[in-house]
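> Okay, here's the prediction I keep looking at, along with the sequence it came from:
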Amino acid sequence: MTGARLRLLALLIVLIGLCLVWRIGRQPDRPATQGVSPTAVLPQALAAPLPLDIDAGDMLPPATRDRIAEAMLSHDDFVRDVSFLLVSSIRSRCEPLHAHDLTRMVMQARLPVLLGASTVLIEQPELRPKLYGLLRHLAAMAPCGRSLHIAIGKYRMRLDPSGYAAAFPDSYFDPASDEVPSEFAGRDLHARSDDPCTPIGYAVLPLGVERAWQCGRLRADARRHLVVDTCAAVLQRSPGPAASVLQSAVVQQEMALAIHNQLERLPVSCR
């Protein structure tokens, strides 16, 4: 097994483990207090869906609140990871049948999930239990099917779990956006994350690469052509399991030519 595959497997295990922890949660008579100030533990009578506007800073000691807010104001990749973990946990509770769609898409699109959070938490390890306790509490109390406006000290964020999932993986890099890219061709997250052609598109034209803004649409269109048209057509006319078909030398030759031709159509600066 290659080093890249080992890293991806380790990432998958970490993400599933975190989601399972938040999904299982705590029993009502044993509220989760570790890493969260006493004000974070709400009476059972108040355990109703939180309002749209949430002051999460009230759930933390002031010093911890300010340090997390400063990290989020200073590190976009930290915000991306916090948003991903929160949405993943909310979906695990609200949409259990699709609990692992986000994690599967992380693998398909090769997203750098947890790298930003790890950087901050390695430097400030005492924040780890506080942050995870806050996320667990928010995920347990957030209303299903509603967007959230969350304040943590001086930091403000808007997060719509449903819109985030519909626009994922693009929304990983812009958590506040819920605009569904046209390259998805009307397919939902579950269908895309389960498509054996999806990783080909992102391997050839990965997200998160610094390019001129004009390249975004061109690269998205090229990805759609490779995934929805070229690869899908190969699978439709080739009998057998998709994994076996895509490993065929003849099919790999055909796909390599299609990828080359698609890249040749792009401006050099967008490849």
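In hand now; what should we look at?
> Show the residue spans covered by the helices in the stretch 101-250 of the chain.
Counting by DSSP state H, counting those that start in this stretch, the segments of the stretch 101-250 of the chain that form helices are 101-109, 115-123, 127-141, 161-166, 170-173, 189-193, 198-204, 215-224, 232-237, 242-247, 249-264.
> pLDDT on the fourth one, on average?
Over the span of helix 161-166, the pLDDT mean works out to 95.
> could you say what helices and strands that helix packs with?
Helices and strands touching helix 161-166, as assessed by 3 or more CB pairs under 8 Å, 6 or more residues apart in numbering; DSSP states H and E, comprise helix 76-94, helix 170-173. Placement of C-beta: from N, CA and C, glycine included.
> So which of these is the most surrounded?
Each of the helices and strands packed on helix 161-166 was scored by mean neighbour count; the highest is helix 76-94, a mean of 23, by mean count of other CB atoms under 10 Å.
> In CSV: the helices and strands packed on helix 161-166, plus mean pLDDT.
What follows is the helices and strands packed on helix 161-166, written out as CSV (pLDDT from 0 to 100):
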stretch, mean pLDDT
helix 76-94, 96
helix 170-173, 96
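> among those, which is nearest L148?
Taking CB to CB, helix 76-94 is the member of those nearest to L148, at 8.5 Å.
> Quick one: distance of that closest one to the chain centre.
Using CA atoms, centre = their mean, to the nearest Å, we find the averaged C-alpha position of helix 76-94 to lie 7 Å away from the chain's own average C-alpha position.
> For it, enumerate the helices and strands it packs against.
Where contact means 3+ CB pairs under 8 Å, 6+ apart, helix 76-94 is packed against helix 3-24, helix 62-74, helix 101-109, helix 115-123, helix 127-141, strand 155-159, helix 161-166, helix 170-173.
> export the ones you listed to a markdown table and tack on distance to A232?
Rendered in a markdown table, the data for the helices and strands packed on helix 76-94 read as follows (distance: least, CB to CB, whole Å):
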| stretch | distance to A232 |
| --- | --- |
| helix 3-24 | 24 |
| helix 62-74 | 39 |
| helix 101-109 | 15 |
| helix 115-123 | 31 |
| helix 127-141 | 35 |
| strand 155-159 | 32 |
| helix 161-166 | 21 |
| helix 170-173 | 20 |
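> Can you check which of those gets nearest to V227?
Minimum separation from V227 across those (CB to CB) falls at helix 101-109, 10.1 Å.
> so the closest one versus helix 76-94, what angle?
Here helix 101-109 points in a direction 140 degrees away from that of helix 76-94 (axes from the mean of the first three to the mean of the last three CA atoms, to 10 degrees).
> Please work out the average pLDDT along helix 101-109.
Computed over helix 101-109, the mean pLDDT rounds to 96.
> list the helices and strands it packs on?
helix 3-24, helix 76-94, helix 189-193, helix 198-204.
> Report the buried residues of that helix.
Of the residues in helix 101-109, those with enough neighbours to count as buried (16 or more other CB atoms under 10 Å) are 101-109.
> Next, format the residues you listed as TSV and append distance to Y172.
As requested, the buried residues of helix 101-109 are exported to TSV (distance: CB to CB, whole Å):
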residue	distance to Y172
D101	13
L102	9
T103	12
R104	13
M105	9
V106	8
M107	13
Q108	12
A109	8
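> out of these, who's nearest V87?
For V87, the closest of the buried residues of helix 101-109 turns out to be L102, at 6.9 Å, with distances computed as CB to CB.
> From L226, how far off is the closest one?
In this structure, L102 and L226 are 22 Å apart, going by CB to CB, to the nearest Å.
> can you check R217 too?
15 Å.
> Which one's more surrounded, these two?
More crowded of R217 and L226, by other CB atoms under 10 Å: L226, with 24 against 13.
> can I assume that one is in contact with H260?
No: L226 is not in contact with H260 according to CB atoms under 8 Å; the separation is 11.1 Å.
> about what we covered before: which of the buried residues of helix 101-109 lies closest to A151?
Minimum distance to A151 across these is 24.2 Å, recorded for L102 (CB to CB).
> If we ignore the residues flanking it in sequence, what's nearest the closest one?
With CB to CB, 6 or more residues apart in numbering as the criterion, L102 has its nearest non-adjacent residue at 5.1 Å, and that residue is S88.
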